[in-house]
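**Student:** here is the input, now give the coordinates:
(chains A and B)
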Number of protein chains: 2
Amino acid sequence: MNNSALHRAPRLYLVTPLAAEKSVVLGPEHAHYLKHVMRLAPGDHVRLFNGQDGEWQGCLQTLDKKQAQVALVACLKSQPAPRRAVHLLFAPIKKARMDWLIEKAVELGVTDLHPVLTHHTEIRQINPERLTAQIREAAEQCERLDLPQLHGMRDLKACLGQWPHGIPLLLALERADAPALRNYLPESGPLAFLVGPEGGFSAEEREYPADLPFLRPISLGSDIFRSETAALFMLGAARLYM
Amino acid sequence: MNNSALHRAPRLYLVTPLAAEKSVVLGPEHAHYLKHVMRLAPGDHVRLFNGQDGEWQGCLQTLDKKQAQVALVACLKSQPAPRRAVHLLFAPIKKARMDWLIEKAVELGVTDLHPVLTHHTEIRQINPERLTAQIREAAEQCERLDLPQLHGMRDLKACLGQWPHGIPLLLALERADAPALRNYLPESGPLAFLVGPEGGFSAEEREYPADLPFLRPISLGSDIFRSETAALFMLGAARLYM
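**Tutor:** I've put the predicted structure just below:
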């Protein structure tokens, strides 16, 4: 099988350990996808990763609608050292925009996703199962070998109260006299970004940095970004230095 | 009218000149939006810009479903100097992703959008009227005072043949041994980015930089970005230095 064909083989995340001369079982969701969406058959190849053991080439042994058996053929990529920790704290936004936010954040290398409730957050609920599935699919698609962690939703104030002080948390403010992102972007070490909802932060929330030394207000410039654009712009900026 | 209320007033792009003690007429599309979507009435305020004369506060004099008459009250922002020219050459992609690409490119400050047909481009047609409307709406939303220009679709080869040699054109390559974007990003002057379709560039296209000194291959790192993510990552990187 040549490299180009292998690059097009479906790439799936699973939690099972991966090692030489082993075979693994894929559950109904993956089996359905391989059989009915990708129209694969026994003998066809897939790529597998679990966030621990690198990426493996696998050969389908059996495939029905309930499960697939895959023999591991070769290790295609070894697991890299953990990437720079980049946290994103975001207020939930409308479904279509949140879907984009999650997909792009995963592509851009986020390691930790923290939904937070702010005073002006209009969307007060999320579906963690749906977001987890989106995270997994985005990681499968973009060839990441690790999966970002989705943290439970918390009030912003509670989240900040528990925040590890060693991780600078950059807070994107609109129409504020704050340093530009490029002047305040640590080039190494863990890093976190906080973006508000469409309605922005409340007056009280905008005062938080005065009391919390890890919380640094920054400006993204004179144009007004939507929430998801602000998040992706900041993640992209961090990514430049990864 | 206080500043906060004015920030929430609808913001519309029009082509009419804007000046003190003038009144302007808005057409059916804007009138419908103001009356039926925003539920405004005479006496309410709007913000207007035309890419030339800054942003103006206007007061609705009349409003029916066919037109609105607006008296210009005050200049809220003077027109800034033209921003750094940032061109994006992109292969058309599927509708939902292209919509998102356009919206985010406008927010991130693109000045020129060039749809190009590459060998592996599957979407061979665009609707320029629809894209123009999206560009205008995104500019209205993000408080830009200028509108990016949408150029006509051309074959990539024709576009490169006519390319002004003074504008470096950075070509995002996947799985290639090319310099990282951050090492090749001019901090001032005009700049252009070229992203391929989902299927990537053809072998022939990947050889273009050998003959075209303005065309510089760059790498976006080891993960694989979707087309629109690559475009937005590069525009965001340029934006960091605007």
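**Student:** can you give me the strands in chain A?
**Tutor:** Using DSSP state E, the strands of chain A run over A:11-13, A:23-26, A:45-49, A:55-63, A:68-77, A:86-90, A:112-117, A:149-150, A:154-155, A:169-173, A:191-195, A:215-219.
**Student:** so of these, which one's packed in deepest?
**Tutor:** Mean neighbours per residue, mean count of other CB atoms under 10 Å in any protein chain shown, is largest over the strands of chain A for strand A:191-195, with a mean of 26. Yep, even glycine has a C-beta here, placed from its N, CA and C like the rest.
**Student:** which other helices and strands does that strand contact?
**Tutor:** With contacts taken as 3 or more CB pairs under 8 Å, 6 or more residues apart in numbering or on different chains; DSSP states H and E, strand A:191-195 sits against strand A:86-90, strand A:169-173, helix A:227-240.
**Student:** ok, back up a step: export the strands of chain A as TSV, with columns for mean pLDDT.
**Tutor:** Compiled in TSV, the strands of chain A are given as follows (pLDDT from 0 to 100):
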stretch	mean pLDDT
strand A:11-13	96
strand A:23-26	96
strand A:45-49	97
strand A:55-63	97
strand A:68-77	97
strand A:86-90	97
strand A:112-117	97
strand A:149-150	97
strand A:154-155	96
strand A:169-173	92
strand A:191-195	96
strand A:215-219	92
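**Student:** chain A against chain B: which residues are in contact?
**Tutor:** Taking CB under 8 Å from any CB of the partner chain as the criterion, the neighbours of chain B within chain A are A:7, A:100, A:104, A:107-109, A:141-144, A:175, A:181-182, A:221-226, A:229, A:232-233, A:236-237, A:239-242.
**Student:** over in chain A, which residue gets nearest chain B? Let me know.
**Tutor:** A:Gly236 (3.9 Å; CB to the nearest CB).
**Student:** any idea which residue sits dead centre in chain A?
**Tutor:** Nearest to the mean C-alpha position of chain A, counting by CA atoms, centre = their mean, stands A:Val106 at 3.1 Å.
**Student:** wait, it sits on A:Asp146?
**Tutor:** No: at 10.1 Å, A:Val106 and A:Asp146 do not qualify as touching, with contact defined as CB atoms under 8 Å.
**Student:** shared neighbours of the two, anything?
**Tutor:** A:Ala139 (CB atoms under 8 Å, 6 or more residues apart in numbering or on different chains).
**Student:** show the end-to-end separation of stretch A:37-49, please.
**Tutor:** End-to-end distance of stretch A:37-49 (CA to CA, to the nearest Å): 20 Å.
**Student:** which segments of chain A make up each domain?
**Tutor:** In the domain annotation for chain A, the residue ranges read A:3-77, A:86-240 (automatic domain parsing).
**Student:** before we move on, the earlier item: as TSV, the strands of chain A with distance to B:His87 would be great.
**Tutor:** Formatted as TSV, the strands of chain A follow (distance: least, CB to CB, whole Å):
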stretch	distance to B:His87
strand A:11-13	33
strand A:23-26	45
strand A:45-49	36
strand A:55-63	36
strand A:68-77	35
strand A:86-90	29
strand A:112-117	33
strand A:149-150	37
strand A:154-155	42
strand A:169-173	26
strand A:191-195	28
strand A:215-219	25
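**Student:** what about chain A, any weak spots by pLDDT?
**Tutor:** A:1-4, A:242 (pLDDT under 70).
**Student:** mind running it again at 80?
**Tutor:** Residues of chain A that meet the criterion pLDDT under 80 lie in A:1-5, A:174-176, A:222-223, A:241-242.
**Student:** which among the residues of chain A next to chain B end up buried?
**Tutor:** Taking 16 or more other CB atoms under 10 Å in any protein chain shown as the criterion, what is buried in the residues of chain A next to chain B is A:100, A:104, A:107-109, A:142-144, A:181, A:221, A:223-226, A:229, A:232-233, A:236-237, A:239-240, A:242.
**Student:** about what we covered before: I'd like to know how far the residue nearest to the centre of chain A sits from A:Pro115.
**Tutor:** Remark: distance between A:Val106 and A:Pro115 (CB to CB, to the nearest Å) = 15 Å.
**Student:** likewise for A:Arg216?
**Tutor:** Distance, A:Arg216 to A:Pro115, using CB to CB: 21 Å.
**Student:** again, but for A:Leu72
**Tutor:** 36 Å.
**Student:** picking up where we left off before, need the helices and strands packed on strand A:191-195 in TSV with distance to B:Gly189, can you?
**Tutor:** Converted to TSV, the helices and strands packed on strand A:191-195 look like this (distance: least, CB to CB, whole Å):
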stretch	distance to B:Gly189
strand A:86-90	30
strand A:169-173	27
helix A:227-240	19
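**Student:** among the ones you listed, which comes closest to B:Phe90?
**Tutor:** Between B:Phe90 and the helices and strands packed on strand A:191-195, the tightest spacing by CB to CB is seen for helix A:227-240, at 16.6 Å.
**Student:** check which helices and strands that closest one sits against.
**Tutor:** Counting contacts by 3+ CB pairs under 8 Å, 6+ apart, helix A:227-240 packs against strand A:86-90, helix A:95-107, strand A:169-173, strand A:191-195, helix B:95-107, helix B:227-240.
**Student:** can you redo those as JSON lines with distance to B:Pro82?
**Tutor:** Supplementary listing: those in JSON lines, determined by distance: least, CB to CB, whole Å:
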{"stretch": "strand A:86-90", "distance to B:Pro82": "33"}
{"stretch": "helix A:95-107", "distance to B:Pro82": "29"}
{"stretch": "strand A:169-173", "distance to B:Pro82": "26"}
{"stretch": "strand A:191-195", "distance to B:Pro82": "29"}
{"stretch": "helix B:95-107", "distance to B:Pro82": "16"}
{"stretch": "helix B:227-240", "distance to B:Pro82": "15"}
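**Student:** which of the ones you listed sits closest to A:Pro28?
**Tutor:** helix A:95-107 (23.4 Å).
**Student:** so what touches that closest one?
**Tutor:** Outside helix A:95-107, the residues touching it (CB under 8 Å, 6+ apart) are A:88, A:90, A:92-93, A:113, A:123, A:126, A:131, A:134-135, A:137-139, A:141-142, A:144, A:148, A:226-228, A:231-232, A:235, B:100, B:223, B:225-226, B:229, B:232.
**Student:** now do that helix: distance to the chain's middle.
**Tutor:** Mean C-alpha position of helix A:95-107 versus that of the full chain (CA atoms, centre = their mean, to the nearest Å) differs by 9 Å.
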